[in-house]
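S.K.: 3D, please:
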Amino acid sequence: MSDDLSMKQFGMYFLYKENGTVDGGNIMKEIKGGVTCAKGFKAAGVEAAIKYKNRKDMAMVYSEVPCQVAGTFTSNVVKAACVLWDKEIVAHSEYGQAVVVNSGIANACTGQQGYECCKKTAQATAKALNIPEESVLVASTGVIGMQLPVDRIVAGVEKLTEALSSTQEAGTLAAEAIMTTDTRSKQVAVTFEIGGKTVTLGGMCKGSGMIHPNMCTMLGFLTTDIAISKELLQEALRENVQDTFNMVSVDGDTSTNDTLLILANGMAENEMITEKNEDYHKFMEALNYVNTKMAKMMAGDGEGATALLETKVIHAKTKQDAKTLAKSVICSSLTKAAIFGHDANWGRILCALGYAGVDFDPENVELFFQGENGTIQIFKDGVACDYSEEEASKILAEPEVRILVDMKSGDAEACAWGCDLTYDYVKINADYRS
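M.R.: Take a look at the predicted model:
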């Protein structure tokens, strides 16, 4: 397998280089920042002492004008109070205009008291910003089962309102405030052209552990100045999540709080998108870029992780087969442990493919490891290839490790992202509540 070919097969990775051009005719530029990049959006991050001390733990995102709002949420039957609140807002409110987020306490398994906290948070925000209560969305992340201190939340809303700004720094403060066990904040923003108008899409997310989205403790917030109908905004988000955030797994646990929200305020002044035309597909490309990059950021920042693990399955019979196989590999604890140990134990990969529930001929499968500095084939025709263990270990020691699986049985492909499994993952989660 030549390096040129391997780059094509790993097109998802090479496509998403910073400040690059995306194929499909849509010129897209990545810019610095996140949720404050689009016109009309402000953000803030402050310390409210919700659970942590001496660190930011509340964030706000606000649009100067009403927005179309869409969202996707956890598939866990046990849903946090904030998820229940937001689902109502997305489904029934005329528009959204602000999002308030706290870290430290998840407001999950908190009963009616937890839902009342959401309502009081929305009421305080509505009063401070002079907007309708039903235009305020809320989100929480942290320990399950604890009640939020409403007085501190309300005081935090006041501090956030005073600190709101459209600067890049304000967006960064907000991204930092929603972190829990994350080691770094996660932001992405892009600009692209629609009908002669410059449109911006930005986002921030958090997620490090309890990550196995089926839309984890995953929270994501997207802001854009595009003009688009609510119906198409929701459809675009729901469709794209299947190939981005839903293809991430750190530890196989789906959280009670998974939330991904997008606010679109129309301030780019493009012609309103009401059908799936060329403008819609340009927006979808931008959405895919931002969500893919944030998904990879979460996977690479998994609790205790030392490496981002990417698995790409090509030439599968169906798209669903490819997705199932790719995710089976990145969810395999034995494979994740082998990556941590820089051990080219390809048997664990083949095993994970074999129990995924997809029918295939093992003797047709080819496996490759790839890093920034090269590609090595490790399995072909049902047996191991004659490869250098030393060279394979060097690839597996890189901060981004990619496994290519060629099923040689069709035209479908899919990509999934995870991380290695380390000693620190156990340490972090053994005393998480303390």
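S.K.: now the helices: where do they sit in the stretch 201-350 of the chain?
M.R.: 230-241, 278-300, 319-331, 333-340, 346-354 (DSSP state H, counting those that start in this stretch).
S.K.: quick one: residue 122 and residue 138 touch, right?
M.R.: Yes: between residue 122 and residue 138 there is a contact at 6.4 Å, judged by C-beta atoms under 8 Å. Yep, even glycine has a C-beta here, placed from its N, CA and C like the rest.
S.K.: what touches both of those two?
M.R.: By the contact definition C-beta atoms under 8 Å, 6 or more residues apart in numbering, residue 122 and residue 138 are jointly contacted by 85, 100.
S.K.: Which one's more surrounded, these two?
M.R.: residue 138 (27 against 23; other C-beta atoms under 10 Å).
S.K.: The more buried one: what's it in contact with?
M.R.: Listed by C-beta under 8 Å, 6+ apart, the contact set of residue 138 reads 82, 85-86, 99-101, 118, 121-122.
S.K.: which of these has the most neighbours?
M.R.: The residue in these with the most neighbours, by other C-beta under 10 Å, is residue 82 (31 neighbours).
S.K.: ok so that residue is a strand residue?
M.R.: No: going by DSSP: H, G, I helix; E, B strand; the rest coil, the assignment for residue 82 is helix, not a strand.
S.K.: circling back: so which of the contacts of residue 138 are in strands?
M.R.: For the contacts of residue 138, membership in strands holds for 99-101, with DSSP state E as the criterion.
S.K.: ok, back up a step: may I see the helices of the stretch 201-350 of the chain arranged in JSON lines, with mean neighbour count and distance to residue 184 as well?
M.R.: Listed next are the helices of the stretch 201-350 of the chain as JSON lines, based on neighbours: other C-beta atoms under 10 Å; distance: least, C-beta to C-beta, whole Å:
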{"stretch": "helix 230-241", "mean neighbour count": "18", "distance to residue 184": "23"}
{"stretch": "helix 278-300", "mean neighbour count": "22", "distance to residue 184": "8"}
{"stretch": "helix 319-331", "mean neighbour count": "22", "distance to residue 184": "21"}
{"stretch": "helix 333-340", "mean neighbour count": "21", "distance to residue 184": "20"}
{"stretch": "helix 346-354", "mean neighbour count": "19", "distance to residue 184": "28"}
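S.K.: And those, which one averages the lowest pLDDT?
M.R.: Here the lowest mean pLDDT among these goes to helix 333-340, at a mean of 87.
S.K.: Give the other helices and strands that it contacts.
M.R.: Counting contacts by 3 or more C-beta pairs under 8 Å, 6 or more residues apart in numbering; DSSP states H and E, helix 333-340 is packed against strand 308-316, helix 346-354.
S.K.: quick check: angle from it to helix 346-354?
M.R.: On the basis of axes from the mean of the first three to the mean of the last three C-alpha atoms, to 10 degrees, helix 333-340 is oriented at 150 degrees to helix 346-354.
S.K.: Can I take it that residue 34 is in a helix?
M.R.: No: assigned with three-state DSSP, residue 34 falls outside any helix and is coil.
S.K.: Let me see the contact set for it.
M.R.: Taking C-beta under 8 Å, 6+ apart, we find residue 34 in contact with 171-172, 174-175, 187-189, 202-204.
S.K.: One more pass at 10 Å, please.
M.R.: 41, 43, 61, 168, 170-172, 174-175, 185-189, 202-205, 221-223, 290, 294 (C-beta atoms under 10 Å, 6 or more residues apart in numbering).
S.K.: picking up where we left off before, next, format the helices and strands packed on helix 333-340 as CSV and append distance to residue 421.
M.R.: Formatted as CSV, those follow (distance: least, C-beta to C-beta, whole Å):
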stretch, distance to residue 421
strand 308-316, 9
helix 346-354, 12
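S.K.: Surely residue 192 is in contact with residue 225?
M.R.: No: applying C-beta atoms under 10 Å as the test, residue 192 and residue 225 come out as separate, 11.4 Å apart.
S.K.: And stretch 389-403, how far out from the chain middle?
M.R.: Stretch 389-403 sits 25 Å away from the centroid of its parent chain (C-alpha atoms, centre = their mean, to the nearest Å).
S.K.: in it, what's buried?
M.R.: Across stretch 389-403, burial judged by 16 or more other C-beta atoms under 10 Å covers 392, 394-396, 398, 401-403.
S.K.: Now do residue 373, the pLDDT please.
M.R.: So, for residue 373, pLDDT stands at 80.
S.K.: tell me the phi and psi of it?
M.R.: phi -110, psi 10 (degrees, to the nearest 10).
S.K.: what number of residues lie near it?
M.R.: 10.
S.K.: got the contact list for it?
M.R.: Residues counted as contacts of residue 373 (C-beta under 10 Å, 6+ apart) are 3, 391, 394-395, 398.
S.K.: can you check residue 389 too?
M.R.: Shown in contact with residue 389 (C-beta under 10 Å, 6+ apart): 342-344, 376, 378.
S.K.: and the longest strand seen in the chain, which residues are buried?
M.R.: Longest strand of the chain, by residue count under DSSP E: strand 58-73. Under the neighbour-count criterion of 16+ other C-beta under 10 Å, strand 58-73 has 58-63, 66-73 buried.
S.K.: try stretch 188-208
M.R.: Buried, per 16+ other C-beta under 10 Å, within stretch 188-208: 188-194, 199-208.
S.K.: Any figure for the gap between the spatially most central residue of the chain and residue 280?
M.R.: Central residue of the chain (C-alpha atoms, centre = their mean): residue 295, 3.6 Å from the mean position. The spacing between residue 295 and residue 280, counted by C-beta to C-beta, to the nearest Å, is 22 Å.
S.K.: shared neighbours, residue 192 and residue 225?
M.R.: 198-201, 268.
S.K.: Greatest separation within those: which pair is it?
M.R.: Largest separation among these by C-beta to C-beta: 198 and 201, giving 11.1 Å.
S.K.: which residue of this protein sits farthest from its center?
M.R.: Most distant residue from the mean C-alpha position of the chain: residue 386, 37.8 Å away (C-alpha atoms, centre = their mean).
S.K.: Could you list the low-confidence segments of the stretch 101-250 of the chain?
M.R.: Low-confidence segments of the stretch 101-250 of the chain (pLDDT under 70): 208-217, 250.
S.K.: Nearest to residue 327 among the ones in strands among the contacts of residue 138?
M.R.: So of those, ranked by how close each gets to residue 327 (C-beta to C-beta), first place is residue 101, at 27.7 Å.
S.K.: Mind putting the contacts of residue 138 into JSON lines with distance to residue 300?
M.R.: Below are the contacts of residue 138 laid out as JSON lines (distance: C-beta to C-beta, whole Å):
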{"residue": "82", "distance to residue 300": "26"}
{"residue": "85", "distance to residue 300": "31"}
{"residue": "86", "distance to residue 300": "27"}
{"residue": "99", "distance to residue 300": "25"}
{"residue": "100", "distance to residue 300": "28"}
{"residue": "101", "distance to residue 300": "22"}
{"residue": "118", "distance to residue 300": "31"}
{"residue": "121", "distance to residue 300": "32"}
{"residue": "122", "distance to residue 300": "34"}
